[in-house]
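Peer 1: need a structure here:
(one chain, ligands or ions: 2)
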Amino acid sequence: MKTSEARKLLGVGAEATPEAIKKAFRHLAMLWHPDRNPAPEAGEFFARLNAACDHLLELAGAHVASVSRKSGGRGEDRHQDIELDIERICLGGEVEVGLETSAECSVCNGEGYIESTSSQLCPHCHGSGKVRIGRELFRCDDCDGRGYTRRARCPNCDGSGKQISRRMLAVSIPAGLRPGDELRLEGEGHPAESAKGRPGDLHLRVKLKPHPLYTLHGNDLVLERPVSAFTLLGGGTVVVPSPGGERYLDIKPGAAKAREQSIAGAGLPARGKHPAGKLCIRLVPVLPSASTPALVKLYHALQTEVERAGHDSIPELAAWEKRWLSA
Ligand SMILES: [Zn+2]
Ligand SMILES: [Zn+2]
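Peer 2: Residues are numbered from 1 along each chain as shown. Ligands and ions are numbered 1, 2, ... in the order given. Coordinates of the predicted model:
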């Protein structure tokens, strides 16, 4: 259906909002719905009104609410990936999804050509005014046999009459989706061929956006955190980030080596058959890179104390010295 025809049927202008289109349709539907109007042509006319409403609303980027539409075929389902960051996967929330739809070109109203100001050679018949179909010559319809035409190929759609439009859809994301999960949005797929048909569904397959800090291992979230080697040696408390907010992590005294600790329940939230995951923190020791006189004094005192405690406190050093030094 042409846009101009749809507008004429519903009696709305080019500037009509989705609300105005729906209002016009509801008013006419009251008069023409076959349940209310016994005239034999009512059914067909109602179907045309329905098609006109669908068509205009699709252009307006909206979708039709409910006026009784019985099965008349169903539009195709649409499948698309949705990339979510780890915060959205953990916490849920609303995201906008762009949906590309092929619609009638708004410059030429789907005709594929526009009227130009000057006549030019008809590109269809190359100026002859006739086209050959099989063995017979017919009058060229594009220029009405004149060989020249004011019609020019529409620069917006390059003559196809179609343009790709993008509409944004707000999608509510539940917390705890896993990569590969699918969200189904009823009625947000492709429109049906028939005016009475329902549109198909939209299936969104969840993909995880890479994150500079977190990686996902099953249900667990893993991150690396630098920690002062002194904290690893002597113990202490450090703050660690998590999608749900910062958490405290107690570190027990131990070796100044990389180690992993975890916080139960701070990974992906439980959902369906998946249990809640852990937040795994890989602690990486770092040493001070600058010294102050006070620190130098402390390092010397520390080294003296380490030597007094015996070489067992640094086993690698003890083994090396035993092998390569005289005594
Ligand atoms: Zn022609
Ligand atoms: Zn066009």
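Peer 1: below-threshold pLDDT in the stretch 51-200 of the chain: ranges please.
Peer 2: Applying pLDDT under 70 to the stretch 51-200 of the chain picks out residues 60-72.
Peer 1: around ligand 2, which positions in it sit nearby?
Peer 2: Within reach of ligand 2 by C-beta under 5 Å from the ion, the stretch 51-200 of the chain has these residues: 105, 107-108, 154, 156-157. Just so you know, the C-beta spots here come from the backbone N, C-alpha and C atoms, and that holds for glycine as well.
Peer 1: could I get those residues in JSON lines, plus columns for neighbour count, distance to ligand 1 and secondary structure?
Peer 2: Shown next, in JSON lines, are those (neighbours: other C-beta atoms under 10 Å; distance: C-beta to the ion, whole Å; DSSP: H, G, I helix; E, B strand; the rest coil):
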{"residue": "Cys105", "neighbour count": "22", "distance to ligand 1": "22", "secondary structure": "coil"}
{"residue": "Val107", "neighbour count": "14", "distance to ligand 1": "22", "secondary structure": "coil"}
{"residue": "Cys108", "neighbour count": "22", "distance to ligand 1": "18", "secondary structure": "coil"}
{"residue": "Cys154", "neighbour count": "20", "distance to ligand 1": "17", "secondary structure": "coil"}
{"residue": "Asn156", "neighbour count": "15", "distance to ligand 1": "22", "secondary structure": "coil"}
{"residue": "Cys157", "neighbour count": "21", "distance to ligand 1": "20", "secondary structure": "coil"}
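Peer 1: how many neighbours does Thr3 have?
Peer 2: 18 (other C-beta atoms under 10 Å).
Peer 1: and the residue of the stretch 201-327 of the chain that's closest to ligand 2?
Peer 2: Leu202 (27.1 Å; C-beta to the ion).
Peer 1: compute the number of surrounding residues for that residue.
Peer 2: Counted with other C-beta under 10 Å, Leu202 comes out at 22.
Peer 1: tell me the bridge partners for it.
Peer 2: Counting by DSSP bridges, Leu202 forms beta bridges with Arg78, Leu185.
Peer 1: report pLDDT for it.
Peer 2: Note on Leu202: pLDDT of 95.
Peer 1: that's all I had, so thanks and see you.
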